[in-house]
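J.: Just to be clear, the model below is a prediction. Sequence and coordinates:
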Amino acid sequence: MAERILMKGNEAIAEAAIRAGCRHYFGYPITPQTEIAAYMAKKMPKIGGVFLQAESEIASINMVYGAAAAGMRVMTSSSSPGISLKAEGLSYIAGSDVPALVVNVQRGGPGLGGIQPSQSDYFQATKGGGHGDYRMIVLAPASVQEMASLTIKGFDLADKYLMTSMILADGTIGQMMEPITFEDAEIKTYDKPWALTGTECKRPHNVVNSLYLKPDELEKKNFERYEKYEQIEKNEAMWEDYMMDDAEICVVAFGIASRVAKNAVMTARSEGIKVGLIRPITLWPFPKAAFEAVSDRVRAYVSVELNMGQMIEDVRLATKCSAPVTLCNRTGGMIPSPDEILDSIRNAQKGVL
Amino acid sequence: MAVVFEKPKSLTDAPFHYCPGCPHGIIHRLVAEVIDELGIEGKAIGVAPVGCAVMAYDYFTCDMIEAPHGRAPAVATGIKRCRPDNVVFTYQGDGDLASIGMAETVHSAARNENITVIFVNNAIYGMTGGQMAPTSLPGQVTQTSPYGRDVKHCGWPIRVSEMLATLEGPEYVARVAVNNVKNVKNAKKAIKRAFENQIEGKGFSLVEVVSACPTNWGMTPKAALEWVESDMLPYYPIGVYKDRSAGEGK
């Protein structure tokens, strides 16, 4: 059996990336994710990999763009203000259809905000961030174990669909330590005939590009990309159902908020409230099927978020407003207590009695 | 019949989109001739900028990527660090390299990143229709300096080669021009040197090519080349500003 070790969330991401075959990391320091860069700086030179501290977030995402175009498994990591700076590069990576893994260990915003945990980049991650029609696969770990497993999954999905996978974590999971196990997962590799390798004068040149000056060509490219996105929506949505078998009240929460929410759900159950939790693991694609499966039974939803209410819009869309959706939130780096969530569950129960 | 002149192998058959009299055609050709002469067509990976040369990816036969505005040296860094055996070059204009991309330029030079940078300085933003560039001369009339560049209002043009030569990092920094036959010949020598340096693992080599933009300068091609000589070169003198291997630096 694989060894069980105690690890920080951020370090689990770095170790998992290396195990997934990533040998190229480009980053820039920002709290609360810097352990990822520190881990890479230590390990990469010892295993024939590349760690490079860039002069800015903008440069680091463009180094990722270059390395991805050269056919490598490559990643960068940052936290909220840094991800804003990377947005230009994320758009180019999407428009050029190259694979990359980007980690956002979120902190409070807007602006310089704070350095405490937050989920206020939900919109930025799932609705765009950069310009143009594009999507990223957004994975939301709720434990140190998932920081590792979703990193490995993220690289695979990025290569499979030729796009960015984003790990949308938060300062709590990034900083906290939990025991984890690295199973010897089989790492799939993908042929990359489009990559910049040099032609060796044996094939026509490869061009990695997002410029299409003819509008009909750009439209065609965007339509094609959205066909790919449709496949992803169909095949890759992930979520966890917790006590949902007979639930009439449904709490929706991801990441660290879901950990607190689980406590509240357990307590509410002991009070006889038929409540459960849907925990989206992929934020894009949003797990609509999870809501379709319970829409006949659930009479109220409570969206628990560390922001001013961002995922709640997707909950309303996924439930087609079949039942009321209320918000239980803290923001700016604050985390709700189980009691605060419990109150919201009780209120939701009262509202539907 | 004997062939006395032909297109370099490293250029595709795509017709250039450049304006009549634009020296980009000459500079593309010089780069392609150097790639041919060094036999690196199969190993070269080019990074196109945002600006007039954005579609350089259609013109060179080697693998190409189109970078965000100003980010070509960062993109080139990503490629070169992954594929050190390939020959990686960027081709950038003055807005791209000396304005929005100055941080990427300075830091790739400071790291002595083993890449080749071709920097075309024509003192104006061409693609967007002739706005003031970081290299527009004092008094130069452009769309966004309609009364002439007022240095009290918007500062002085930047001499990129001189500035980069103050850094410990870069291997080779030279300024050339393409306004007459002699200068074109010397420009090619400098470009060749910049590629050879990379092949020999020596590091960051930048060639600033003082160029012209007849269309946006509002001049005939001939008058534009004369303006290069009379106005550009006095502010941007030709020369080798850093050459570590030769122990040179101004």
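T.: Perfect, I can see it now.
J.: From here on, just use CA atoms for contacts and neighbour counts.
T.: Will do.
J.: Report all helices and strands that the helix or strand where A:Ile18 lies contacts.
T.: Here A:Ile18 sits within helix A:9-19, counting by DSSP states H and E. Applying 3 or more Cα pairs under 8 Å, 6 or more residues apart in numbering or on different chains; DSSP states H and E, one finds that helix A:9-19 contacts helix A:34-43, helix A:144-161, helix A:171-175.
J.: which residues are contacting the second one?
T.: What it means is helix A:144-161. A:7-10, A:12-13, A:15-17, A:19-20, A:73, A:98-101, A:137, A:139-141, A:164-167, A:169, A:173-174, A:176-182, A:187-188, A:190, A:228 (Cα atoms under 8 Å, 6 or more residues apart in numbering or on different chains).
J.: How about the contacts made by residue 83?
T.: In the absence of a named chain, this looks at chain A. So A:Ile83 contacts A:Glu57, A:Asn104 (Cα under 8 Å, 6+ apart).
J.: wrong chain, I was asking about chain B
T.: With Cα under 8 Å, 6+ apart, B:Arg83 has these contacts: A:Ala70, A:Thr197.
J.: per-residue confidence at residue 31?
T.: Since no chain was named, I'll use chain A. As predicted, A:Thr31 sits at a pLDDT of 95.
J.: that's the wrong chain, I meant chain B
T.: 98.
J.: What of A:Val352?
T.: At A:Val352, pLDDT is 79.
J.: What of A:Glu186?
T.: So A:Glu186 comes in at 84 (pLDDT).
J.: Now do it against A:Ser149, distance only.
T.: Relative to A:Ser149, A:Glu186 is positioned 12 Å away (Cα to Cα, to the nearest Å).
J.: do the same with B:Gly139
T.: 60 Å.
J.: between these two, which one's more packed in?
T.: More crowded of B:Gly139 and A:Ser149, by other Cα atoms under 10 Å in any protein chain shown: A:Ser149, with 22 against 13.
J.: Which helix runs longest in chain A?
T.: helix A:215-235 (DSSP state H).
J.: what sits up against that one?
T.: If you take Cα under 8 Å, 6+ apart as the criterion, helix A:215-235 is touched by A:Asp133, A:Tyr134, A:Arg135, A:Tyr161, A:Leu211, A:Tyr212, A:Trp284, A:Pro285, A:Phe286.
J.: How many residues are close by the spatially closest residue to the first one that is not a sequence neighbour?
T.: This points to A:Asp133. Of all residues not flanking A:Asp133 in the chain, A:Asn222 sits nearest, at 7.1 Å (Cα to Cα, 6 or more residues apart in numbering or on different chains). When counting by other Cα under 10 Å, one arrives at 16 neighbours for A:Asn222.
J.: Against chain B, how distant is A:Asn222?
T.: 18 Å (Cα to the nearest Cα, to the nearest Å).
J.: Okay, that residue and B:Tyr241: tell me how far apart.
T.: From A:Asn222 to B:Tyr241 the distance is 46 Å (Cα to Cα).
J.: next one: A:Leu90
T.: For A:Leu90 relative to B:Tyr241 (Cα to Cα), the value is 36 Å.
J.: Have a look at the two and say which one is more surrounded.
T.: A:Leu90 (29 against 19).
J.: Which helix or strand contains that one?
T.: If you go by DSSP H and E, A:Leu90 is part of helix A:80-96.
J.: Which SSE is immediately downstream of that helix?
T.: strand A:100-106.
J.: Low-confidence bits of chain A, can you list those?
T.: Within chain A, the segments meeting pLDDT under 70 span A:1, A:353.
J.: And B:Glu248, what's its pLDDT?
T.: According to the model, B:Glu248 scores 68 on pLDDT.
J.: helix, strand or coil for the closest residue to A:Pro45 other than its chain neighbours?
T.: Of all residues not flanking A:Pro45 in the chain, A:Phe51 sits nearest, at 7.1 Å (Cα to Cα, 6+ apart). Using DSSP: H, G, I helix; E, B strand; the rest coil, the structure places A:Phe51 in strand.
J.: who touches B:Gln11 in this structure?
T.: Small correction: residue B:11 is Leu, not Gln. B:Arg29, B:Ala32, B:Tyr59, B:Phe60, B:Thr61.
J.: residues touching A:Val275, list them.
T.: Here A:Val275 is in contact with A:Met243, A:Met244, A:Asp246, A:Ala247, A:Glu248, A:Ile249, A:Cys250, A:Val251, A:Val265, A:Ala268, A:Arg269, A:Ile345 (criterion: Cα under 8 Å, 6+ apart).
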